[in-house]
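Chemist: whatever this is, show me its structure:
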Amino acid sequence: MAEFTEELEPLFDYSRVQPVNFFNLDDDELDETPFPIAKRTKISKSEVDKVDDNVNPIQVLECEEKDDDDWLPPPPKFSCDPKILAENSTIKALRLKKQELASCAQSAEDVLRAVEESVKRELQSSMQSSLEAVADQPSKVNSERAKIVISIQDKDGPKQFRVYLDDKFERVFKLYADKAKLDLQNLVFCFDGEKVGPQATPLSLGMEDDDIIEVHSKP
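Modeler: Numbering: from 1, shown residues only. From the prediction side, this is the model:
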């Protein structure tokens, strides 16, 4: 039973707690100092001077408060002098004029380049057309311009005519009829025993200089 009682003791037993030192707070004893106070030792002036000679004086730096904006760069300076302002405006105008002239020069250069390219294309096209035209022409250009002398012989004798190789005999026959004062519808022309039609040419018949065409009247 005793063991059970000890187990049920309170956790804190204030009766066992006793103050270590007890001070009496009576008014009469407040004036008395409970502990002795040590007296300060007096230091002579010579010793103080000696110590001051060996100690370097501390330099006190004056730190004036600076504004927070001191770290910023100074603002740009603007001059109100009218001469300087006029010079600045003149320089600006000259710069703009220079840019404008450079732009115009570039535009003119582009135009000239475009014109040159256009002329080159036209020349190439013209040359190509000329070459094609020359290639399309007959290879007998000299023969077309060549002339021969032929004779038309009737009962009165031969009559000579100078004709182109590609001329049709229709024109030659008409000239002969007009010169002989005959009706062309009543005439028959022959070469080497073959009848010659009005659409034939000296070239198609293989004629040469001094060849003779015979003429006969229809019965």
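Chemist: where along the chain do the strands fall?
Modeler: 147-154, 157-164, 187-191, 194-195, 211-217 (DSSP state E).
Chemist: point out the one among the ones you listed that comes closest to residue 99.
Modeler: With CB to CB, the closest approach to residue 99 among these belongs to strand 157-164: 71.0 Å. All C-beta atoms are positioned from the backbone trio N, CA, C, and that covers glycine.
Chemist: list the neighbouring strands of that closest one plus their orientation.
Modeler: Counting by DSSP bridges, the strands paired with strand 157-164 are strand 147-154 (antiparallel).
Chemist: between the partner strand and strand 211-217, how big is the angle?
Modeler: 30 degrees (axes from the mean of the first three to the mean of the last three CA atoms, to 10 degrees).
Chemist: just the CA coordinates of strand 147-154, formatted as PDB?
Modeler: What follows is strand 147-154 as a C-alpha-only set of coordinates in PDB (Å, rounded to 0.1, in the frame of the first residue of the first chain):
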ATOM      1  CA  LYS A 147      19.400  38.400-166.600                       C
ATOM      2  CA  ILE A 148      19.700  36.800-169.900                       C
ATOM      3  CA  VAL A 149      19.000  37.800-173.500                       C
ATOM      4  CA  ILE A 150      16.600  35.700-175.500                       C
ATOM      5  CA  SER A 151      15.200  36.100-179.000                       C
ATOM      6  CA  ILE A 152      11.700  35.700-180.400                       C
ATOM      7  CA  GLN A 153      11.800  34.700-184.000                       C
ATOM      8  CA  ASP A 154       9.000  35.400-186.500                       C
END
